[in-house]
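Enquirer: my questions concern the predicted model and sequence given below.
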Amino acid sequence: MLHTRAQMIARRARAQPVEQLTEQLDQLVADTRALGEVVDDLLVSAAAEQKPPPDTVVDMAEVAREVVASMSAYARERDVELRVEGEATAPVRGAHVALRRALTALVDNALGHVSAGGHVRVRVRHRPGCVAAEVVDDGVGLDPAEADRLFERFAHGTAGTGRRFGLGLALAQQVAQAHRGSLEVTGAHGRGATFTLLLPMA
């Protein structure tokens, strides 16, 4: 589909000014990026299933700052305030790429369930023996009865939007389990939601 659209735009570019194709080109770039993100999620998921993550120290506080920086433009587009809070450092052991992808999925999910003017907080805290990376939003919330189903691949809640295709939360849970951790969710209709990635402290 993307290849066909690219061919059509290329043909049109020969007959009309490129300036008239700007919107179509921007949409093609956005769709290509979204497809790349899905492929990345599948690759991270496959790696988590097949082998344990590397035994290297990863600073989850730094990962949180990286994720917030990378998602800030998307948050501004949605008129949502995105901020990171908490510890200056929070060491765990594992794969930096996988942990960043998991936290990105949680932030993306939160942004998709918050209306304009809302807030998303990424909080990294120390707990006894572990690190908690919390993604807290004040959006539409969730039905507690749906909580377990949200972690199934290709599942979607009954409200909200997102940039991915039902892989993000399943991937986050899979990464958490591969790192000997867990993913918890709390929330209620109209009262926002909190997803907490719990990982053993290094």
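Expert: Sure, I can see it.
Enquirer: distance between stretch 169-182 and the chain's centre?
Expert: The chain centre lies 13 Å from the centre of stretch 169-182; the measure is CA atoms, centre = their mean, to the nearest Å.
Enquirer: go on, stretch 77-93?
Expert: Stretch 77-93 sits 13 Å away from the centroid of its parent chain (CA atoms, centre = their mean).
Enquirer: and it, what's its mean pLDDT?
Expert: For stretch 77-93, mean pLDDT is 96.
Enquirer: output the below-cut-off pLDDT ranges for the chain.
Expert: 1-3, 5, 18, 25, 27-52, 147-149, 151-167 (pLDDT under 70).
Enquirer: can you give me the helices for it?
Expert: Counting by DSSP state H, the chain has helices at residues 2-13, 22-50, 60-77, 96-111, 168-178.
Enquirer: name the residues that touch stretch 70-78?
Expert: E81, L82, T104, V107, D108, L111, V114, A116, V120, R163 (CB atoms under 8 Å, 6 or more residues apart in numbering). (C-beta placed from N, C-alpha, C; glycine too.)
Enquirer: how many residues are close by the nearest residue to P91 once chain neighbours are set aside?
Expert: Of all residues not flanking P91 in the chain, A202 sits nearest, at 3.9 Å (CB to CB, 6 or more residues apart in numbering). Neighbours of A202 under the rule other CB atoms under 10 Å: 15.
Enquirer: wait, A202 touches T89, no?
Expert: No: A202 is not in contact with T89 according to CB atoms under 8 Å; the separation is 10.2 Å.
Enquirer: next, count neighbours for E77.
Expert: 9.
Enquirer: typo on my end, P144
Expert: Neighbourhood size, P144 [other CB under 10 Å]: 12.
Enquirer: what sits against it?
Expert: G187, A188.
Enquirer: just A61 next, same as before
Expert: Taking CB under 8 Å, 6+ apart, one finds G86, E87, A88, T89, A90, V124 in contact with A61.
Enquirer: and these, which two are furthest apart?
Expert: Taking CB to CB, the two most distant members of the contacts of A61 are G86 and T89; they sit 10.1 Å apart.
Enquirer: the two: who's more crowded?
Expert: Neighbour tally, G86 and T89, criterion other CB under 10 Å: the higher count belongs to G86, 18 against 11.
Enquirer: and the nearest residue in space to that one that is not next to it in sequence, bridged to which residues?
Expert: Leaving aside its chain neighbours, G86 sits nearest to V124 (4.0 Å; criterion: CB to CB, 6+ apart). Note on V124: beta-bridge partners G86, A133, judged by DSSP bridges.
Enquirer: is it true that V124 touches A90?
Expert: Yes: taking contacts as CB under 8 Å, V124 lies within contact range of A90: 4.8 Å.
Enquirer: what sits in contact with each of the two?
Expert: With CB under 8 Å, 6+ apart as the test, V124 and A90 both reach M60, A61, V131, A133.
Enquirer: distance of the second one from D108?
Expert: In this case it means A61. 20 Å (CB to CB, to the nearest Å).
Enquirer: same question, V68
Expert: 12 Å.
Enquirer: over to A193?
Expert: Distance from A193 to D108, by CB to CB: 13 Å.
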